[in-house]
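Undergrad: here are the coordinates; sequence isn't available:
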């Protein structure tokens, strides 16, 4: 499908980027340079092309990729497993119900105990405000110490598979999708991206996707409009970041309280439900206190509040308001589709159906983003590595 | 153990078969030609011999084999894992309790989301009449679409690990066992095979094995006698298929209501309990309605009905009635053994003990059948592939 | 880090040991010669050095390592997975809740059914007195039969991942740690090792570690002192073994009822809680009878009994009594640390903190011990194998 020359060109382009990712964890896109993010996307793209051309991308002969999901997951779970598989690692899931972790074991100790053969630890911890990202950093510190003390032969990388602040593998896959649809990262300049709250008959959806989208897309000169009803605020720091990012990149960042205003002239629309930051904070406190009646009451209150905004749906009328009526609809999936997965939800059936396959394309980048993060964390010269993959004549599937 | 020449001969024989399995799912043996089935058995046999001779049969360098068990499993679970291991794939089990599938995700979406790196999806879904096989086909359609639209780089195969209609990996392993015991598939001609209901103090056992046996063995000229008490009918379509198969193959198909009649002169006996088709249908409806009291009542009714036929046991008296008193006893395991796993069950302890090791032999073919199905689905020229395996001098275990 | 010459020297030394481990299960260290144990440690050390020097230690191209945990585990679970990964095997966990084992399947049958592609089965079964080790032997007999009858192409090894009598992978890792800290196995001669009971606010901790430590360390000429309050006896046979081992090795074995007496002049201290043998026996009976009130009552009685010995803590005062005040503190982890994981526990926070990293070092040997056991069980000439690994120029991680 691709010529070797075209892959070589991509590797050549990739090699020009002055990234600094070796030995580092990308826990928030905000903490990394645009060059770093570009380098992740470029490497992901090269790995994807190699895979699709039946070139083996294995670079580990054994080693563990540990995953820890503190919340349910299908897509991200399979993306992580697929990324490990691409590189030659085996996944071992850390199941806290089957371990002695609850028996007073500290994060510091466990992190070392599971890492003697590990190359990467992927963590999802998105339910509690102020928790998930902090937990990842604690694991990171423990691994730093273990490596410095000689307990571990190398420092395994950490991949943020969604935390309370960001969902970097999702948003970088989203960015890769936009880049692919519009013709490169440069093309984001001046494009209007509507990150909009949307109605859902559910409660407690994490904030990490909208927060991640507004902080990432503003890095690339996009005109990002965040829309939500009053009270559905995001984490204030992410709003600040989005503002300063836009200023720096020559983009724009607005917050509006109207879905229509956000959709007006948009090139990309990302309608998605989330819980208000204040609700997530109260929920965190209630869960810490194990206050079940309090949680129930908050859930009811929150669902009632949601219902006031039942008209925040991505429907045909609003799609018609977008640029040429043809904005790219995006969603991290699963979407709440009106008349399909619920009576009334985030998106009208007809709209979703038209973009359904495109949302699959959006999703398929994630395994390669994760694989790229692992390679960046563990290899000093990823360009030389992929060049070697291309040349060593190692097919992924059989002889035929 | 085997000479290279003898393996080459087998590959040569295999290569003569005009099968059509590439890119196809073998969801029911009934839908495939005798040549296709023969080709699966021959390839399974070659893979087994290569494995036993320490020749590596890996043909994937990475890739996922996804399993989805909607019912408990030990044997088939391990067979699937073993098949994946033989070929170089890693198994990732789709655990519906850990995923967001219940959150309104459609089969179509999930099938694509988990398949970016998948080569095969193995599914067990045998509890509900009218469901399991239909579900597999829906997954297949979703993968067809994903591949056609370019979401997936290739179309993963689907392996039926037991559905409501058939249990093809079991019955083909059974066929391989009979073929090995009697000296080739040709030797089935005219052999009397008794597929008989047998008493068990349990309820709701799937129909797929007896249905699969009568439809498969009649393809090869065997004289198949199905025996069961009144009311323990199988799915009518499978009875029809068995009849027409026998007609076509020059075999025979009878239904009798006497275990003795079935055993009389039989060369093979397969005594096994199952629930009546009508009961399974009512059970499906009750489970769909989540009618727990109804399910309990049906269970009691069914166990009481079973008790009327407590004498349907494969005992020494009946074994003595078989051909020379030495019919091959078969079972998909675990068997309900009288005085061992229950007071009174499908088979007398003495009979089972005599054939115990043979039932292990019967079971051991399944990993190779599954591996053969995967290779057939994904490789255009399996004969060339196994020839390459034989020649590339790649040992499975170490240097020693 | 290591020169090839130094690794060659180690292989050379290893090759001189007259061990007899091929085709054998090391279920109790007591049943094996000192040479066998030495050979496990030496091979573990070589595998560890190869791994740390980025030399691939894979010697299986596919195959299953089955684990069965009848009790919770983090460390040992990851150690087993890591060992499998080192050698090229995939782990498949036998989850009794997902299988039909409870449906009347016998150990004999299941052991064969899961082993068609297996190289090793690792088992943890430590909760019931008289059970775990016996279960392992039953699995072993089933595999012996399966191999003898031709059901299995080879006899998979069994690794004891903790039973009611011993915890050999833990104690051999402990021995490796002591050997590394003091300069070789020879240096154990005359060293005082205090295996002491310590207070914990928990109940029912297995006896396998103290039993394993006193039986293993007495093999190497150490002066082992077992200390526990009255009533906290170990399995009498292990006391007998420790006594006769000490006699044979020129070491010493004492039982005292004072933690102070044990710590006095000790070079190594291993303070750890366990339940009295008699309590474990009664608990086994109560659990077999599913006598929940009885279990509750026993738990209360046992915790009350523990409280009488709340001063059995490894604190600074006692550490000061050890050899030069600097005995090596050891623990199999997780430790009950006073003021950290519980109000009052096995060890004072200050003591634990000083040795925390050393306990990580102690733990990191386990994956290599398990890998060495697998290699010994399955390869006739492990020295030639590791020599081959060293020479074949196969890096574990990438080209860079």
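TA: Everything's here; your move. None of these values were measured; they are calculated from a predicted model.

Undergrad: spatially nearest residue to the residue nearest the centre of chain A, not counting backbone neighbours?
TA: Compute the mean C-alpha point of chain A, and by CA atoms, centre = their mean the closest residue is residue A:170, 2.2 Å away. For residue A:170, ignoring the flanking residues on the chain, the nearest one in space by CB to CB, 6 or more residues apart in numbering or on different chains is residue A:332 at 5.3 Å. Any C-beta I mention is one placed from the backbone N, CA and C, and that applies to glycine too.

Undergrad: for the residue in the stretch 151-300 of chain A that chain C sits nearest to, what are its contacts?
TA: Across the stretch 151-300 of chain A, the shortest distance to chain C (CB to the nearest CB) belongs to residue A:151, at 4.4 Å. Counting by CB atoms under 8 Å, 6 or more residues apart in numbering or on different chains, residue A:151 makes contact with A:112, C:357, C:360-361, C:364.

Undergrad: show me where the stretch 51-200 of chain A has helices.
TA: In the stretch 51-200 of chain A, helices defined by DSSP state H, counting those that start in this stretch lie at A:75-87, A:107-113, A:132-148, A:168-182, listed in chain order.

Undergrad: how far does the second one sit from the chain's center?
TA: In terms of CA atoms, centre = their mean, to the nearest Å, the gap separating the centre of helix A:107-113 from the centre of its chain is 25 Å.

Undergrad: how about stretch A:238-255?
TA: Worked out by CA atoms, centre = their mean, stretch A:238-255 lies 19 Å from the chain centre.

Undergrad: flag every buried residue along that stretch.
TA: A:238-239, A:241-243, A:245-246, A:249, A:251-255 (16 or more other CB atoms under 10 Å in any protein chain shown).

Undergrad: what's the answer for stretch A:138-156, then?
TA: For stretch A:138-156, by 16+ other CB under 10 Å, it's A:139-140, A:142-143, A:145-147, A:151-156.

Undergrad: tell me the secondary structure at the nearest residue to residue A:278 once chain neighbours are set aside.
TA: Among residues not flanking residue A:278 along the chain, residue A:233 sits closest, at 7.0 Å (CB to CB, 6+ apart). Assigned state for residue A:233: coil (three-state reduction, DSSP: H, G, I helix; E, B strand; the rest coil).

Undergrad: what sits against residue A:233?
TA: A:239, A:276-278.

Undergrad: residue A:132 too?
TA: Per CB under 8 Å, 6+ apart, neighbours of residue A:132: A:70, A:123-126, A:162-165.

Undergrad: try it again with 7 Å
TA: Residue A:132 is in contact with A:125-126, A:163-164, counting by CB atoms under 7 Å, 6 or more residues apart in numbering or on different chains.

Undergrad: mind checking pLDDT for the residue of chain A found nearest chain B?
TA: With CB to the nearest CB as the measure, residue A:341 is the residue of chain A nearest to chain B, at 3.0 Å. At residue A:341, the model reports a pLDDT of 87.

Undergrad: what helix or strand is residue A:362 on?
TA: Using DSSP states H and E, residue A:362 maps to helix A:349-364.

Undergrad: list the buried residues of the lowest-mean-pLDDT helix or strand in chain A.
TA: Across the helices and strands of chain A, mean pLDDT, DSSP states H and E gives its lowest value to helix A:277-288, namely a mean of 87. Going by neighbour count (16+ other CB under 10 Å), the buried part of helix A:277-288 is A:277, A:279-280, A:282-284, A:286-287.

Undergrad: likewise stretch A:77-93?
TA: A:77-93.

Undergrad: if I look at the residue nearest to residue A:170, how far off is residue B:115?
TA: To residue B:115, residue A:332 is 18 Å away according to CB to CB, to the nearest Å.

Undergrad: now swap in residue A:164 and tell me
TA: Distance from residue A:164 to residue B:115, by CB to CB: 30 Å.

Undergrad: one step back: for the residue nearest to residue A:278, phi and psi?
TA: phi -70, psi 160 (degrees, to the nearest 10).

Undergrad: for the stretch 1-150 of chain A, just list every one of the strands.
TA: Ranges of strands in the stretch 1-150 of chain A, per DSSP state E, counting those that start in this stretch, are A:64-69, A:90-93, A:118-125.

Undergrad: out of those, nearest to residue B:398?
TA: Among those, strand A:90-93 comes nearest to residue B:398, with 19.3 Å by CB to CB.

Undergrad: which neighbouring elements make contact with the closest one?
TA: Applying 3 or more CB pairs under 7 Å, 6 or more residues apart in numbering or on different chains; DSSP states H and E, one finds that strand A:90-93 contacts strand A:64-69, helix A:75-87, helix C:75-87.

Undergrad: that strand pairs with which strands?
TA: Strand A:90-93 has these partner strands in its sheet, going by DSSP bridges: strand A:64-69 (parallel).

Undergrad: pLDDT weak spots in the stretch 151-300 of chain A?
TA: Within the stretch 151-300 of chain A, not a single segment meets pLDDT under 70.

Undergrad: residue A:293: how many residues sit nearby?
TA: Per other CB atoms under 10 Å in any protein chain shown, the neighbour tally for residue A:293 reads 8.

Undergrad: gap between it and residue B:213?
TA: Distance from residue A:293 to residue B:213, by CB to CB: 56 Å.

Undergrad: cool, and residue A:357?
TA: 42 Å.
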